[in-house]
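> Give me coordinates for this.
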Amino acid sequence: MNIRYEFHNGLPSEPLITSMVDLLQTVFNNRGREETVAELSYQLARTAIPTFLAIDDQTVVGCKLGYERQPGQFYSWLGCVSPSHRGQGIAAELMRQQHDWCRQQGYMTIRTQTYNQWRNMLILNLRFGFNIVGALQGKHGLMIVLEKDLQA
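Predicted coordinates for the structure are as follows:
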């Protein structure tokens with residue numbers, strides 16, 4: 001298995017965008033494909049979406065997307081790894097790349113939210129220096145809000 005990592009300033013072009021949406025559908029199976037595409041389109045119309053991808057052959061097996069929430073703060077929005085490729089450090093590498101990019105762009109903090117059901121992502125965020133700063137009611141239950149100081 002030879003994983004390559006790519007950065008896209010925005011969403012990737014075909015065939016990677018379809019492969020990325022397929023991955024998001026596989027992992028986040030609590031939403032329909034149309035909802036996923038609509039959310040991506042909505043965010044892209046509002047702001048730039050730096051996209052980090054892990055690719056095995058021509059298939060997206062991991063992704064990390066985000067956007068500027070407010071000046072100085074980046075919001076890490078969507079991230080996942082294919083179940084068949086977990087345990088290989090792909091999520092950690094995508095997170096490292098995103099955080100390095102955010103520092104280079106001058107962001108001071110990075111924020112994310114996750115549901116308790118995604119415990120591996122919660123643990124990874126804590127390992128990478130995020131602090132739990134709150135919780136809020138989301139569409140699918142209680143969401144844990146995490147934030148990291150990128151200057152520390």
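> Where does pLDDT dip in the chain?
Applying pLDDT under 70 to the chain picks out residues 1.
> those helices in it, which residues are they?
Remark: helices assigned in the chain by DSSP state H are 16-27, 33-46, 90-104, 119-127.
> Quick one: closest of those to residue 84.
Ranking the helices of the chain by proximity to residue 84 (C-beta to C-beta) places helix 16-27 first, at 9.4 Å. All C-beta spots, glycine's among them, are computed from the backbone N, C-alpha and C.
> in that closest one, what counts as buried?
16-17, 19-21, 23-24, 27 (16 or more other C-beta atoms under 10 Å).
> measure stretch 14-33 end to end?
16 Å (C-alpha to C-alpha, to the nearest Å).
> contacting residues for the residue lying closest to residue 59 once chain neighbours are set aside?
Excluding the flanking residues, the one nearest residue 59 by C-beta to C-beta, 6 or more residues apart in numbering is residue 19, at 5.4 Å. Contacts of residue 19 were listed using C-beta atoms under 8 Å, 6 or more residues apart in numbering, and they are 58-60.
> What strands flank the longest strand seen in the chain, and is each parallel or antiparallel?
Across the chain, the strand with the greatest residue count (assigned by DSSP state E) is strand 59-70. Within its sheet, and counting by DSSP bridges, strand 59-70 is paired with strand 50-56 (antiparallel), strand 73-81 (antiparallel).
> Out of those, the one nearest residue 35 is which?
Once these are compared by C-beta to C-beta, strand 73-81 is nearest, at 12.4 Å.
> And residue 81, how far from residue 139?
22 Å (C-beta to C-beta, to the nearest Å).
> So between the two, which is more surrounded?
residue 81 (24 against 8; other C-beta atoms under 10 Å).
> can you count the residues close to the closest residue to that one other than its chain neighbours?
Once flanking residues are discounted, residue 81 sits nearest to residue 62: 4.2 Å by C-beta to C-beta, 6+ apart. Residue 62 has 25 neighbours, counted by other C-beta under 10 Å.
> Kind regards, and thank you for your time.
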